[in-house]
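In: Generate a structure from the sequence data that follows.
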Amino acid sequence: ELRLIVTVQLETLFLAVRSELAFDYSLGTHRYEDGVQATVCAVQAESLRTILKELAAAGAKAAWVATASAGAPAVARKQGHDDAIIVELDRGFLNLDIVRHGMLVSSRAAIDSGDRESRQAEITRTLASYGLPYAAVIAIGETDLGDDVRRVAEGTLQAMAQHAPAEIDIELSEA
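Out: Sure thing, here's the model as predicted:
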């Protein structure tokens with residue numbers, strides 16, 4: 001029943017045609033007044049088909065498929081936080097993943113301006129958009145957010161690969 005509800009809501013969640021998406025979801029364990037939260041991750045189905053074909057042509061097979069942001073809870077957990085924002089600079093974008101009660105609840109990318117003040121403003125804006133006045137800030141790698149921010153070398157992809165595979169396994173609808 002839950003999968004059907006998520007399927008119906010895909011177009012609203014991702015502003016894309018439902019049939020063009022491959023997705024998966026995971027349920028949180030924290031109880032809210034109106035239930036539990038579900039994290040939904042999706043990719044363009046055609047992109048996933050292409051990736052899987054390229055892997056097969058190279059003689060490899062994917063064990064599971066997840067978005068990079070799905071590793072944010074593992075990064076936060078490894079640092080001892082249930083609530084955190086994981087920030088990583090990648091190819092000119094600032095990736096901001098919010099973890100709440102140990103679960104990925106929001107992920108967004110912003111164009112990086114290159115200075116600490118603008119990056120801090122993006123963090124504040126991202127937390128505010130989710131209604132969080134504060135969360136631990138964890139910077140990945142060389143992401144410069146200031147001296148008072150916890151910095152870790154291992155990013156979300158490494159956390160999934162080495163410590164905790166994501167609960168998400170995105171599959172094509174035909175699978």
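
In: The helix or strand that residue 138 is a member of pairs with which strands, and in what direction?
Out: Element membership for residue 138 (DSSP states H and E) is strand 136-140. Using DSSP bridges, the strands paired with strand 136-140 are strand 84-90 (parallel), strand 150-152 (parallel).

In: Serialize those strands to TSV and add fields for distance to residue 33.
Out: Just so you know, the C-beta spots here come from the backbone N, C-alpha and C atoms, and that holds for glycine as well. Shown next, in TSV, are the strands paired with strand 136-140 (distance: least, CB to CB, whole Å):
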stretch	distance to residue 33
strand 84-90	23
strand 150-152	31
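
In: Quick one, which of these gets closest to residue 160.
Out: strand 84-90 (12.3 Å; CB to CB).

In: where along this protein do the helices fall?
Out: For the chain, applying DSSP state H gives helices covering 2-14, 45-57, 72-78, 116-129, 156-162.

In: Tell me which of those helices is the most buried.
Out: Counting by mean count of other CB atoms under 10 Å, helix 72-78 has the highest mean neighbour count of these, with a mean of 24.

In: packing partners for that helix?
Out: Applying 3 or more CB pairs under 8 Å, 6 or more residues apart in numbering; DSSP states H and E, we find helix 72-78 packed against strand 84-90, strand 93-100, strand 103-111, strand 136-140, helix 156-162.

In: Can you dump the C-alpha atoms of that helix in PDB for me?
Out: C-alpha atoms of helix 72-78 as PDB (Å, rounded to 0.1, in the frame of the first residue of the first chain):
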ATOM      1  CA  ALA A  72      24.300  11.200   4.500                       C
ATOM      2  CA  PRO A  73      22.700   9.300   7.500                       C
ATOM      3  CA  ALA A  74      25.800   7.100   7.700                       C
ATOM      4  CA  VAL A  75      28.100  10.200   7.800                       C
ATOM      5  CA  ALA A  76      26.000  11.800  10.500                       C
ATOM      6  CA  ARG A  77      25.800   8.500  12.500                       C
ATOM      7  CA  LYS A  78      29.500   8.000  12.300                       C
END
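
In: All set, thanks.
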